[in-house]
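Trainee: What would the 3D arrangement of this be:
(4 chains)
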Number of protein chains: 4
Amino acid sequence: MYRLSEREWQAYTEKNKDRARMLISCPDRPGIVAAISHFLYQQGANIAQSDQYTTDPEAGRFFMRIEFDLPNLEERCEVIKAAFRPIAENFDMDFSLVQASKRKKVAIFVSKEDHCLLELLWRWKSGELYADISVVISNHPDMQETVESFGIPYHCIPVTKENKAQAEEEQLAAAAGADVIVLARYMQILSPRFLDDYAMRIINIHHSFLPAFVGAKPYEQAYRRGVKLIGATAHYVTEELDAGPIIEQDVQRVTHQEDVDTLKQLGRQVERTVLARAVRWHLEDRVLVYGNKTIVFP
Amino acid sequence: MYRLSEREWQAYTEKNKDRARMLISCPDRPGIVAAISHFLYQQGANIAQSDQYTTDPEAGRFFMRIEFDLPNLEERCEVIKAAFRPIAENFDMDFSLVQASKRKKVAIFVSKEDHCLLELLWRWKSGELYADISVVISNHPDMQETVESFGIPYHCIPVTKENKAQAEEEQLAAAAGADVIVLARYMQILSPRFLDDYAMRIINIHHSFLPAFVGAKPYEQAYRRGVKLIGATAHYVTEELDAGPIIEQDVQRVTHQEDVDTLKQLGRQVERTVLARAVRWHLEDRVLVYGNKTIVFP
Amino acid sequence: MYRLSEREWQAYTEKNKDRARMLISCPDRPGIVAAISHFLYQQGANIAQSDQYTTDPEAGRFFMRIEFDLPNLEERCEVIKAAFRPIAENFDMDFSLVQASKRKKVAIFVSKEDHCLLELLWRWKSGELYADISVVISNHPDMQETVESFGIPYHCIPVTKENKAQAEEEQLAAAAGADVIVLARYMQILSPRFLDDYAMRIINIHHSFLPAFVGAKPYEQAYRRGVKLIGATAHYVTEELDAGPIIEQDVQRVTHQEDVDTLKQLGRQVERTVLARAVRWHLEDRVLVYGNKTIVFP
Amino acid sequence: MYRLSEREWQAYTEKNKDRARMLISCPDRPGIVAAISHFLYQQGANIAQSDQYTTDPEAGRFFMRIEFDLPNLEERCEVIKAAFRPIAENFDMDFSLVQASKRKKVAIFVSKEDHCLLELLWRWKSGELYADISVVISNHPDMQETVESFGIPYHCIPVTKENKAQAEEEQLAAAAGADVIVLARYMQILSPRFLDDYAMRIINIHHSFLPAFVGAKPYEQAYRRGVKLIGATAHYVTEELDAGPIIEQDVQRVTHQEDVDTLKQLGRQVERTVLARAVRWHLEDRVLVYGNKTIVFP
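Mentor: Numbers count the residues shown, from 1 in each chain, chains lettered A, B, ... in the order given. Just a heads-up that it's a prediction; the model follows:
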C-alpha cells in the first residue's frame, strides 16, 4: 500500500528538523519587516519563504508568514521566542513560532457519512497530511472498524438532547491535547463553551449553492431551482451557524440531468476535496484569521 | 477585422436553410418518440440531433429537442406544423418548430456598464451569435457612439420614478418585434406588465456569491467575508427579483489579496462570459423552462 | 461506514430491474429513430432517456444511446434482441442491449501506487460505482490486506521480462469473465494478444501536461518548464502507447511554488478523479468508440 | 461607455505616485531580506506587499518582489537606486526598481484574427490594463479602423519572404520605445535579431491540447482524437518555437458534440482570457524568468 512507513515519517521529520514557521500580525507601520528580518539574520536563520499582506496601505493591519531554517532549532526554539518578545512588544505584535517537524494533533468528529473522514485518512496515510490523527470521535458506532484498521482510536459518544453537556465533556476529554478539530460531516451543533476552548481551531465543511438555499433539504431545493453549480465551503466554526471565516471553497458543474441523489454524490466529492485542502493549509500554518475572514498564505 | 461579412452570413444561412429545430414538452407516456420520429420520417426529414429528458420515470413530464434536415423547409414549414397538430393534441404537447436559418431579433438593454454589451457585440460580430441585434436601449446616452459604430440603432430612453410607465411604453415600442430581450447590466426593474409581454424571453445577468449576500454592496460584503469564489448567474427574469429559472452559472477563484475593485473586475469577466453563453443557448433554442428551472439541451 | 448494504444493492437492483440500455451505431440515413422508437413502442417500452449523435449531416455515422423501461425485462430480453435483429440488419447497425440491473464484472490491475485503486474501492463501497469488483490483480504483494478488507480477492502475479507471457496467461485466468479491466496505475505494458481479448474494454489513466513531455520523468520536466496546469487523461488502451480513445480529462492549477513532490501529489488527485469518472461512464454504457475517439453520452 | 476618463487615469496615477516595485534575484544566503528591508526602512519606505521564492533551500536562487510606498518617489527614485547598488553588489543581485505610476508602453502585433486584440483593447479601455498602448502593428490592413477608433496608431507593414528583414526594421521602428510587445495572434515568426532586442519582453499566445498535436491543423487533430479539453498557453517568445517560459495556461471543457468550428471558437475564448491575464501580470511586474520557467508573484 502506498503509505508512509515509519522510516518515511522520520525522513520527513529529519529533513524539516531545523525548519520554523513564524506567523505575525500587528498594526502596519514602517520598519516591521526590517526588524523581523534583522532579528532572524542575527539568530543565524535563513529565510526560505516569506509572504505578507496588509489590509490597507493607510492605517491597516500587517500579516506575515515566514518559513526559515535555523540550525539546532529544537533546542533553541524557546530562547528565540524569548529574544523576539521585545520586538513583538515594540510593534504590538501577535506572533507564533512553530517547528515544521512537530506533527499537530488532529481529532476528527464524524457522524454517519464517511466520505470526508476517508479522504482525510487516505491523504494522511499517503503522506499528504503531516499530522497525528490522535482520535476519531463519533456519535455513532458505524465507522469503528474502518478507523481502527488505520491504527487510530475510535470513541463512540452518543449525543442526545438530554446528555449533550455530558457528551461534550466526554468529547473534550477524548480529544484532549488536540491542536485542531475537524468536523468531517459531524451533524451536531457544538456549544459555545466547546467553541471557546477551540477558537479558530475547529474546521467544518458544508455544501454551498448559488444562490444559498436556507432551511431543510438544500439539495432538493437546488434541484428544484435547477442550479448549474454545486459547491462546498470549509470554514472555521463560530457561534453563528456556518458563518465563520471561510478557508476554502470549490464547485462542480451539474446539469438538469442529475437527480437529487447524483447531486448529493457530486456534492460529497466537492466536500471531501475542499475539506482536505483546508485541513492541509491549517496544518501547514498557512491560515490567519482577521475579523470574519481568512488570509491563506500560498 | 474578424467579423462575418454579408457573404459569410449568407453562407451560414444557405448551409442551414433546411435545418429545423423542434421543441416539445408533454406528460410522459409510451409512444411519444415513436410518434414524433415516425411523423418526421414520413415528411422526409433526417434527424441530425435529438435529446430528451423526463423529469421522473413515473408520471413525469417529457421534454425533447430535435434538430432535423428537411428539403425545402422554408416553403413547407407551416404545412408541417399543421400536419403535426393532431399528434400534438393526442399527446397533449406544447411544441414549437423553428427554422435554424431564421435569425432571432435581439434587443439589448443596458445602463452605464458596458462589459456585457461589448461581449455580446463582439461575439455577434465574430459570428458566434447567430442573430440580428435590432436595437440597444439604454437609460443613459453614454454608449451611443459605440453601439452605432456596429451599425445598430441606439435608443436613449431615460427612466425616472415619475416617467417609468411612459418610458416602458417607449422601450416596448423601440424593442417591437424582438424575440428576446437581454438585460446586459440594465439596472432598472421592469414592471409585471412588461415581463408578461416577454415571459421567459428576458435574460438577465447578476453576480452570485457563496454564500449569497443580500442587501446593498455585495462585493464589499463578499470582501469582508473573504470569499474564495465569485460568480455570476444568467437567468430568465420573473417578477420575483433575481429568482427566475437559471440558465447558466460560473465562478472565478479569488484570494484575500484581491481588493474590492479587483473583485468587481473579476466579477465583470465572469458576468460577460456567463451571459454570452446563456444568450447563445437561447438563440439556438436549447433552453426549455419547467417550473422554476431550465433544461439546457447540449 | 457509509457503504451500500446488501439491502441497498437489492433496492437499486429492484428499482432498475426493468431498465434497459441500448447502444446503436450505423450509417446515417432517414428513418433510423422512427424505426427504433416504433419497435420499442410495440414492445411496450417507455423511453426514459435518449441521446444521439451524428458525425456529419452528410454521409455520416449515427450513434444512439437509449434508456427505456420495459415490464418483465429479465425474461424478455433475449426475445427482444432477436426481434430487433431484422431492423438492425436493415440499417446495417451494430447494437447492444443490456439490463441496467446487471452489475458488470470489473477486474482492477494495480502496481505499487494505491491512490486510483482506493478511489475506485471507495466509490464502489459508497454505491457510486454499480458493479462487481471481482478481483484485483497486482505484480506486487503490497495491497493484499487493503483489498481483502473490502472482501475482494487479490491475486499477486509478479511480472518479469522472462515470465511475461506466462504471467499474462495467469492474469487472464484470474480476470476471467471480467467485462472491463481498469488499469489503476498498473505500470506494465500489456501484449497485443491481451489487448485483443479486451478491445475497448481496458481503461487506463495517465498524467497529461500542456505541452506533453515525452520521455522519462515527466513531472520533473513539467517542473523545469514551469507549467501552470497539470492534468490526467483516462483512455481505452490500444497497441500504441497512451494513444487510445480519450474518455475523460481534467486539470489542476499549479504555481511555481509547488515542488516536484507536490506536483506529483496534485497529479494523483486529478488521476483518481478522472479515472473514477471514466469507469463510471463505462459502467453506465455511456461511452461509444468511433475511430480513435469516444462519444460520451451525458 | 465604461472607460477610464483622463480624470480617472490621473486619479490612479496620483494614488500610486509614491508606490514602487522592486524585483530582485540573487544566489540564496542568509541576510538578504534583512539587508533589503533595513535599507528600505532607512529610506523611509513602508512595505505594502512582499513575496519571495527560493528555488531550493540549499544553494538555490532567491527571488523577491516588493511593493513599497516612499514619499516623493518620483524625485528620489534615481538616488535610491544608486544607494542600493552597494547592497546589490554585495549579494550579487540583479534588481530593478520601477514606479507603479509609470505606464508601460505596449506595442501589439496582430494578423487577421482580432479576438485577442479586442480583448486587450477592451480591458485597457475599462482600466484593467494600466499601460499606454502606443501602437498596433499588422501585416494586414483589416483592423485599421477598429484600432484607430480607440485612438491608437495603426501601422500596416506587409511581411513577405522577400522583404522580411526590411519589414522587421520597419516594425522595430514603429514599436520604438515599447516596454513590451504582445503577439495577439501574430502569425509570423520573428527573427533572432528581433528577439534579442526584446528578450523576455515579447508575449505570445497559442492553443494547447492534451496531448500536444504537432504539425498542421491542430484543431482538426484534436477533433479527430476526441479531446475533452482545449486550452491556451501564454509565454515569452524565445528562438525555439512556442517553447519559451510559460506565463499562464487555462483550459475549457468540450465534448464530442463540438465540431471543428466550435472548437476553434471556444479556443479563441480561452486564448483571449489567458493572454489578457499574462499581459496584466507582466505590466504589474509580477513575472520573473528563471531558466526556462517563470515565477509569477501573486
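Trainee: Every contact and neighbour count from this point should use C-alpha atoms.
Mentor: Will do.
Trainee: Would you mark the buried spots in stretch A:31-50?
Mentor: A:31-41, A:45-50 (16 or more other Cα atoms under 10 Å in any protein chain shown).
Trainee: For A:Phe109, pull up the helix or strand it's in.
Mentor: Assigned by DSSP states H and E, A:Phe109 falls within strand A:104-110.
Trainee: Identify the residues contacting that strand?
Mentor: Identification of contacts with strand A:104-110 by Cα atoms under 8 Å, 6 or more residues apart in numbering or on different chains yields A:117, A:130-139, A:175, A:177-187, A:283.
Trainee: swap in stretch A:128-143?
Mentor: Residues from elsewhere that reach stretch A:128-143, judged by Cα under 8 Å, 6+ apart: A:103-112, A:114, A:120, A:123-124, A:147, A:152-159, A:171, A:174-175, A:178, A:186, A:280, A:283, C:1, C:265.
Trainee: Domains in chain A, by residue range?
Mentor: Listed by automatic domain parsing, the domain ranges of chain A are A:6-99, A:104-296.
Trainee: Just name the most buried of those.
Mentor: domain A:104-296 (a mean of 19; mean count of other Cα atoms under 10 Å in any protein chain shown).
Trainee: any idea of the mean pLDDT in that domain?
Mentor: In this model, domain A:104-296 carries a mean pLDDT of 94.
Trainee: Identify the residue of the stretch 51-200 of chain A closest to chain C, quick one.
Mentor: A:Met143 (4.7 Å; Cα to the nearest Cα).
Trainee: I'd like the distance between that residue and chain D.
Mentor: Distance from A:Met143 to chain D, counting by Cα to the nearest Cα, to the nearest Å: 38 Å.
Trainee: and what of A:Tyr12?
Mentor: 15 Å.
Trainee: SS state for that residue?
Mentor: helix (DSSP: H, G, I helix; E, B strand; the rest coil).
Trainee: contacting residues for it?
Mentor: A:Ser101.
Trainee: Just the C-alphas of stretch A:39-50, formatted as PDB.
Mentor: What follows is stretch A:39-50 as a C-alpha-only set of coordinates in PDB (Å, rounded to 0.1, in the frame of the first residue of the first chain):
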ATOM      1  CA  PHE A  39      16.400  39.600  14.100                       C
ATOM      2  CA  LEU A  40      16.300  36.400  12.200                       C
ATOM      3  CA  TYR A  41      19.600  37.200  10.500                       C
ATOM      4  CA  GLN A  42      21.200  37.800  13.900                       C
ATOM      5  CA  GLN A  43      20.000  34.400  15.000                       C
ATOM      6  CA  GLY A  44      21.600  32.700  12.000                       C
ATOM      7  CA  ALA A  45      18.300  31.900  10.300                       C
ATOM      8  CA  ASN A  46      17.900  31.600   6.500                       C
ATOM      9  CA  ILE A  47      14.500  32.700   5.300                       C
ATOM     10  CA  ALA A  48      13.100  30.100   2.900                       C
ATOM     11  CA  GLN A  49       9.800  31.700   2.200                       C
ATOM     12  CA  SER A  50       8.000  34.800   3.300                       C
END
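Trainee: is it anywhere near chain B?
Mentor: No - Stretch A:39-50 is not in contact with chain B by Cα under 8 Å from any Cα of the partner chain; minimum separation 15.1 Å.
Trainee: Wait, A:Tyr41 touches D:Arg29, no?
Mentor: No - contact criterion Cα atoms under 8 Å: A:Tyr41 and D:Arg29 do not qualify, at 10.2 Å.
Trainee: Against chain D, how distant is the spatially closest residue to A:Val296 that is not a sequence neighbour?
Mentor: Distance criterion Cα to Cα, 6 or more residues apart in numbering or on different chains; nearest residue to A:Val296, sequence neighbours excluded, is A:Val287 at 4.6 Å. For A:Val287, the distance to chain D equals 16 Å [Cα to the nearest Cα].
Trainee: go on, A:Gly151?
Mentor: With distances taken as Cα to the nearest Cα, A:Gly151 is found 34 Å from chain D.
Trainee: what are the phi and psi angles of that residue?
Mentor: Here is the backbone geometry of A:Gly151 (degrees, to the nearest 10): phi 80, psi 20.
Trainee: any idea whether A:Glu239 is helix, strand or coil?
Mentor: coil.
Trainee: Secondary structure element for A:Ser50, which one?
Mentor: Going by DSSP H and E, A:Ser50 is in strand A:46-54.
Trainee: Check A:Leu129 too.
Mentor: With DSSP H and E as the test, A:Leu129 turns up in no helix or strand.
Trainee: Report how many residues lie close to the closest residue to chain D within the stretch 151-298 of chain A.
Mentor: In the stretch 151-298 of chain A, no residue comes nearer to chain D than A:Pro298, which is 8.8 Å away by Cα to the nearest Cα. Residues near A:Pro298, counting by other Cα atoms under 10 Å in any protein chain shown, number 14.
Trainee: who's in contact with stretch A:264-276?
Mentor: Outside stretch A:264-276, the residues touching it (Cα under 8 Å, 6+ apart) are A:115-116, A:119-120, A:123, A:184, A:204-207, A:219, A:230-234, A:248-252, C:128.
Trainee: A:Thr255 contacts A:Lys228, doesn't it?
Mentor: Yes - when contacts are counted by Cα under 8 Å, A:Thr255 is listed as touching A:Lys228 (5.6 Å).
Trainee: circling back to that earlier point, how far does the strand holding A:Phe109 sit from the chain's center?
Mentor: Offset of strand A:104-110 from its chain centre (Cα atoms, centre = their mean, to the nearest Å): 10 Å.
Trainee: which parts of chain A sit against chain C?
Mentor: Taking Cα under 8 Å from any Cα as the measure of proximity, chain A contacts chain C at A:Met1, A:Tyr2, A:Lys112, A:Glu113, A:Asp114, A:His115, A:Glu128, A:Asp142, A:Met143, A:Thr146, A:Gln265.
Trainee: A:Phe68 is in what secondary structure piece?
Mentor: Judged by DSSP H and E, A:Phe68 forms part of strand A:61-69.
Trainee: For chain D, tell me whether that strand is touching it.
Mentor: No - Strand A:61-69 lies out of reach of chain D by Cα under 8 Å from any Cα, never closer than 8.5 Å.
Trainee: For that strand, name the packing helices and strands.
Mentor: The contact analysis (3 or more Cα pairs under 8 Å, 6 or more residues apart in numbering or on different chains; DSSP states H and E) places strand A:61-69 against strand A:19-27, strand A:46-54.
Trainee: could those strands go into a markdown table alongside distance to chain D and mean pLDDT?
Mentor: Below are the helices and strands packed on strand A:61-69 laid out as a markdown table (distance: least, Cα to the nearest Cα, whole Å; pLDDT from 0 to 100):
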| stretch | distance to chain D | mean pLDDT |
| --- | --- | --- |
| strand A:19-27 | 10 | 97 |
| strand A:46-54 | 5 | 92 |
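Trainee: So which of the ones you listed is nearest B:Arg85?
Mentor: strand A:46-54 (67.0 Å; Cα to Cα).
Trainee: other SSEs contacting the closest one?
Mentor: strand A:61-69, strand D:46-54.
Trainee: would CSV of the ones you listed with distance to B:Lys17 be doable?
Mentor: Output for these, formatted as CSV (distance: least, Cα to Cα, whole Å):
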stretch, distance to B:Lys17
strand A:61-69, 64
strand D:46-54, 59
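Trainee: where along the stretch 151-298 of chain A do the helices fall?
Mentor: Secondary structure of the stretch 151-298 of chain A (DSSP state H, counting those that start in this stretch): helices at A:164-174, A:192-197, A:218-225, A:260-283.
Trainee: Tell me how far the residue of the stretch 151-298 of chain A closest to chain D lies from A:Phe63.
Mentor: 13 Å (Cα to Cα, to the nearest Å).
Trainee: can you check A:Asp18 too?
Mentor: 23 Å.
Trainee: Tell me where the stretch 101-250 of chain A has strands.
Mentor: A:104-110, A:131-138, A:154-156, A:180-183, A:202-209, A:229-236, A:246-253 (DSSP state E, counting those that start in this stretch).
Trainee: so what's the residue located most distally from the centre of chain A up against?
Mentor: The centre of chain A is farthest from one residue, A:Gln257, which by Cα atoms, centre = their mean lies 34.7 Å away. Contact analysis of A:Gln257 by Cα under 8 Å, 6+ apart lists B:Tyr53.
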